[in-house]
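J.: Sequence below, structure please.
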Amino acid sequence: MKQSIIPDIKKNSEIQKYLEILSFKPASKSLDTLKTSVDEIFDLAMGNDAIEIMFGIFPEENNIFIFMYEEFNEINQEFINVVKEYEPIIKFYPLRTEKLSNSEISIDKPSLDIQVLGGDGLFTELKKCSAGFLAPANYETKSIL
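T.: Modelled structure (predicted):
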């Protein structure tokens, strides 16, 4: 958004009641640019056989974040090199490989602590897809992706 139009927006009578919760930050990349970049990064991930990565637009940062495991850094290096032109923020995490005992294998519902947003790209060595939307689970206080 052009910073010069912020005063005009703030003067709008329909916006007045929301001024307390609105914040205006300079953005160097438009949402359209970010969306186009995500689409191109998706194609690059497919073309470079990237595995175990997730990525998406983070509006608060006005950028694209790519998450991947440190252990796949070498395998994904070609992908990492070609996406540099989009200036994404790449975050590496250690792969947690914990051996389960026989008693732990019977866990009913595995727990994941990864934030996934609707539309994020999800990649493994077997599947490539995009996350859907959150839907409330029946009779539970959680949502399912």
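J.: Please enumerate the strands of the protein.
T.: If DSSP state E is used as the criterion, the strands of the chain fall at 53-58, 63-69, 89-93, 121-123, 128-130, 135-136, 143-144.
J.: List the buried residues in stretch 67-87.
T.: Buried residues in stretch 67-87, defined by neighbour count with 16 or more other C-beta atoms under 10 Å: 67-69, 72, 75-76, 79-80, 82-83, 86. Glycine gets a C-beta too; all of them are placed from N, C-alpha and C.
J.: Pick the one among those residues closest to residue 2.
T.: Distances from these to residue 2 were compared by C-beta to C-beta; the smallest belongs to residue 86, at 23.0 Å.
J.: Can you work out which other helices and strands pack against the biggest helix by length in the chain?
T.: The helix of greatest length in the chain, counted in residues with DSSP state H as the criterion, is given as helix 31-47. Here helix 31-47 touches strand 53-58, strand 63-69, helix 77-83, strand 121-123, going by 3 or more C-beta pairs under 8 Å, 6 or more residues apart in numbering; DSSP states H and E.
J.: any idea which of these scores lowest on pLDDT?
T.: Set side by side, those differ in mean pLDDT, and strand 121-123 is lowest with a mean of 62.
J.: Show me what the residue lying closest to residue 63 once chain neighbours are set aside bridges to in the sheet.
T.: Once flanking residues are discounted, residue 63 sits nearest to residue 89: 5.5 Å by C-beta to C-beta, 6 or more residues apart in numbering. Each beta-bridge partner of residue 89 is listed here: residue 65, as defined by DSSP bridges.
J.: quick one, what contacts residue 89?
T.: Each residue near residue 89 by C-beta atoms under 8 Å, 6 or more residues apart in numbering is listed here: 58, 61, 63-66.
J.: Least confident secondary structure element in this structure?
T.: strand 143-144 (a mean of 54; mean pLDDT, DSSP states H and E).
J.: circling back to that earlier point, same list, the helices and strands packed on helix 31-47, but as a markdown table with distance to residue 21 please.
T.: Converted to a markdown table, the helices and strands packed on helix 31-47 look like this (distance: least, C-beta to C-beta, whole Å):
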| stretch | distance to residue 21 |
| --- | --- |
| strand 53-58 | 19 |
| strand 63-69 | 23 |
| helix 77-83 | 34 |
| strand 121-123 | 30 |
